[in-house]
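**Student:** Attaching a predicted model along with its sequence, questions to come.
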Amino acid sequence: MPRNHADNGRIELRLRPEDKAVLARAAALERLDLTGFILRAALPRAQATIEEAEKLKLSERDSLRVLDLLENPPAPPARLRRAAKAGFILE
């Protein structure tokens, strides 16, 4: 678990020296510093991971059910109709 330090924007990585050398060489070839090279590779992947995790995935059957409910919504239950008539706001 990471230590609870004030967020200064820093991340520490523990790398084998040979892995760091590979990253540093690749960064130099692209005229980037090591931080820029790692961020350029990692941020798009992180964003794609978040987007994929936040997608709602439905089966074809469920998708058709949702569309049917949107086109043919069920009648509101009696309790909801009574609340609306009484002027209650449902949250």
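**Tutor:** Looks like it arrived, so ask away. Residues are numbered from 1 along each chain as shown.
**Student:** ok, so what distance separates A24 from F37?
**Tutor:** 8 Å (Cβ to Cβ, to the nearest Å). Glycine gets a C-beta too; all of them are placed from N, C-alpha and C.
**Student:** typo on my end, K20
**Tutor:** 11 Å.
**Student:** who has more neighbours, the two?
**Tutor:** F37 (19 against 13; other Cβ atoms under 10 Å).
**Student:** My guess is that one contacts L29. True?
**Tutor:** No. With contact defined as Cβ atoms under 8 Å, F37 does not reach L29; the gap is 9.3 Å.
**Student:** Spell out, range by range, the helices that occur in the protein.
**Tutor:** 17-29, 34-54, 60-71, 78-86 (DSSP state H).
**Student:** Tell me what angle the second one forms with helix 17-29.
**Tutor:** With axes from the mean of the first three to the mean of the last three Cα atoms, to 10 degrees applied, the angle from helix 34-54 to helix 17-29 works out at 100 degrees.
**Student:** again, but for the last one
**Tutor:** Orientation note: helix 78-86 sits at an angle of 50 degrees relative to helix 17-29 (the same axes, to 10 degrees).
**Student:** how far away is L32 from K20?
**Tutor:** L32 is 15 Å from K20, by Cβ to Cβ.
**Student:** Ok, L70 next?
**Tutor:** 54 Å.
**Student:** Repeat that for S63.
**Tutor:** Distance from S63 to K20, by Cβ to Cβ: 47 Å.
**Student:** before we move on, what about N72?
**Tutor:** N72 is 61 Å from K20, by Cβ to Cβ.
**Student:** How about D33?
**Tutor:** Applying Cβ to Cβ to D33 and K20 gives a distance of 13 Å.
**Student:** Low-confidence regions, this protein specifically.
**Tutor:** Residues of the chain that meet the criterion pLDDT under 70 lie in 1-6, 88-91.
**Student:** what about 50?
**Tutor:** Within the chain, the ranges that satisfy pLDDT under 50 run 1.
**Student:** excluding its backbone neighbours, what's nearest V66?
**Tutor:** L58 (6.8 Å; Cβ to Cβ, 6 or more residues apart in numbering).
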